[in-house]
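Enquirer: Fold the following.
(one chain, ligands or ions: 1)
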Amino acid sequence: MTKDFPIDLRSDTVTQPTPTMRKAMAEATVGDDVYGEDRTVNRLEGVVAELLAKESAMFVPSGTMGNLICLLTHCGRGEEVIIGDQAHLFLYERGGSAVLGGIHPHIISTAIDGSLPLSAIREAVRPDDIHCPRTKLLSLENTQAQRGGLPLSLAYLQSLRDLANDLGLALHCDGARLWNAAVATGVEPSVLSSPFDSLSVCLSKGLAAPIGSLVIGTQSFIDEARRLRKLLGGGMRQVGAIAAAGLIAIEEMRTRLTIDHENAQFLAEGLCECGYEITHPVQTNIIFFRQHEEDSLSLKERLAVWEKAGLLVSDFRNRTIRAVTHYGIERKDIDRVITILQKV
Ligand SMILES: Cc1ncc(COP(=O)(O)O)c(C=O)c1O
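Expert: Prediction:
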């Protein structure tokens, strides 16, 4: 692929489709997917359902729509979802489930390892009382992006399922980067998905597809989700042209995520050598680090200086900076990033 100057570490969403994806897109067999007649979409949905060992899957344009559809499928108006304060679903999805579904978010603190403490979940569940909303759903994120892309441990996931059974809750996973979690933990996606009643997974992050996510669950869950996708305007027509790239993403791009994880480690080491504080352990492709205390520039000014030198990163609160490694970023790019950080 061609690499444009500067080195863009703002997110893994900036990845460009691979040459194989572009070819597959051009040659894809397509049909009307709202009629269920797009053979490429049907194949992608079948492949992902099988990979995650669930009955069915549905292609959607984005992770945001995938999460929204799952919440709307699980919860009615005035019902409650328990969710972490660092969840993408809570922070960055426009409160869609509250706006469109009247779903009440019950926010609890996300632990430093990305988990939601079991005791806090238990405490958050509402009593059977006419004053309270009914708690219906518990939502987790794996990997947890705001906790430095940390994957959740298998033991924790299993204890979540037991707790959800005990409390009578459904369990949803925002698995935008489930693929990174699988590679980092060495646990099969089908095992990571097994505790959950529904998942939303993305093709357009580290897997480099240009567009697309999938919602996964039982057949009856997906039947209902399809009605909601139509309601939201997410029913697409000859969308096999995009699903074709998604198939390449699933079949060819998952194992190479280890390269992104190694590059993230390498960058973290370089940042430490330059005296930066890394705020979360780096286990996948996301690194959060803090601007030097003694830097006289504001964070915005610092990022503008780096941008001029050829480096793009994202800024967050408390002088925190995010760098994400992804397809198209190679070891020599990380070397160059470290040189920029040392020199500028
Ligand atoms: C953890 C997580 N969930 C969901 C999303 C939403 O995905 P999309 O941008 O496709 O709507 C993102 C986007 O970056 C994300 O990082």
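Enquirer: Return the nearest residue of the stretch 1-150 of the chain with respect to the ligand.
Expert: Gly63 (2.5 Å; CB to the nearest ligand atom). Any C-beta I mention is one placed from the backbone N, CA and C, and that applies to glycine too.
Enquirer: who in the stretch 201-344 of the chain is up against the ligand?
Expert: 202, 204, 213 (CB under 6 Å from any ligand atom).
Enquirer: Same check on the stretch 1-150 of the chain?
Expert: 13, 62-64, 88, 141, 145.
Enquirer: Weed out the non-buried ones from the residues of the stretch 201-344 of the chain next to the ligand.
Expert: Neighbour counting with 16 or more other CB atoms under 10 Å marks 202, 204, 213 as buried within these.
Enquirer: I'd like these laid out as a markdown table, including pLDDT and secondary structure.
Expert: Shown next, in a markdown table, are those (pLDDT from 0 to 100; DSSP: H, G, I helix; E, B strand; the rest coil):
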| residue | pLDDT | secondary structure |
| --- | --- | --- |
| Cys202 | 98 | strand |
| Ser204 | 98 | coil |
| Ser213 | 98 | strand |
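Enquirer: just curious, which of the residues you listed is nearest to Met253?
Expert: Using CB to CB, Ser204 comes nearest to Met253 of these, at 11.0 Å.
Enquirer: Looks like that closest one contacts Gly212 (just checking).
Expert: Yes: Ser204 is within contact range of Gly212, at 5.8 Å (criterion: CB atoms under 8 Å).
Enquirer: Now do the shared contacts for these two.
Expert: Applying CB atoms under 8 Å, 6 or more residues apart in numbering, one finds that Ser204 and Gly212 are jointly contacted by Ser62.
Enquirer: List the contacts of the residue of the stretch 151-300 of the chain found nearest the ligand.
Expert: Of all residues in the stretch 151-300 of the chain, Ala176 sits closest to the ligand, with a separation of 3.5 Å (CB to the nearest ligand atom). Ala176 makes contacts with 63, 88, 141, 145, 200-202, 205, 213, as judged by CB under 8 Å, 6+ apart.
Enquirer: Pull the most distant pair out of these.
Expert: Farthest pair in the contacts of Ala176, by CB to CB: Ala145 and Ser213, 14.6 Å.
Enquirer: re earlier: and of the residues of the stretch 201-344 of the chain next to the ligand, the nearest to Ala28?
Expert: Ser204 (16.6 Å).
Enquirer: ranges for the helices of the stretch 1-150 of the chain?
Expert: 19-27, 39-51, 63-74, 88-91, 96-101, 118-124 (DSSP state H, counting those that start in this stretch).
Enquirer: Turn these into a markdown table, including mean pLDDT.
Expert: Shown next, in a markdown table, are the helices of the stretch 1-150 of the chain (pLDDT from 0 to 100):
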| stretch | mean pLDDT |
| --- | --- |
| helix 19-27 | 98 |
| helix 39-51 | 98 |
| helix 63-74 | 98 |
| helix 88-91 | 98 |
| helix 96-101 | 98 |
| helix 118-124 | 98 |
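Enquirer: So for Glu188, which of the ones you listed sits nearest?
Expert: In terms of CB to CB, the element of the helices of the stretch 1-150 of the chain nearest to Glu188 is helix 39-51, at 8.7 Å.
Enquirer: buried sites along that closest one?
Expert: 40-45, 47-49, 51.
Enquirer: Do you know the pLDDT at the residue lying closest to Val34 once chain neighbours are set aside?
Expert: Computed as CB to CB, 6 or more residues apart in numbering, the closest residue to Val34 that is not its neighbour in sequence is Gly235, at 4.4 Å. Note for Gly235: predicted pLDDT of 97.
Enquirer: again, but for Arg317
Expert: 88.
Enquirer: For it, give its distance to Leu157.
Expert: From Arg317 across to Leu157, the span is 29 Å (CB to CB, to the nearest Å).
Enquirer: Which one of these two is surrounded by more residues?
Expert: The residue with more neighbours, out of Arg317 and Leu157 and counting by other CB atoms under 10 Å, is Leu157; that gives 24 against 6.
Enquirer: Fine by me, we can end here.
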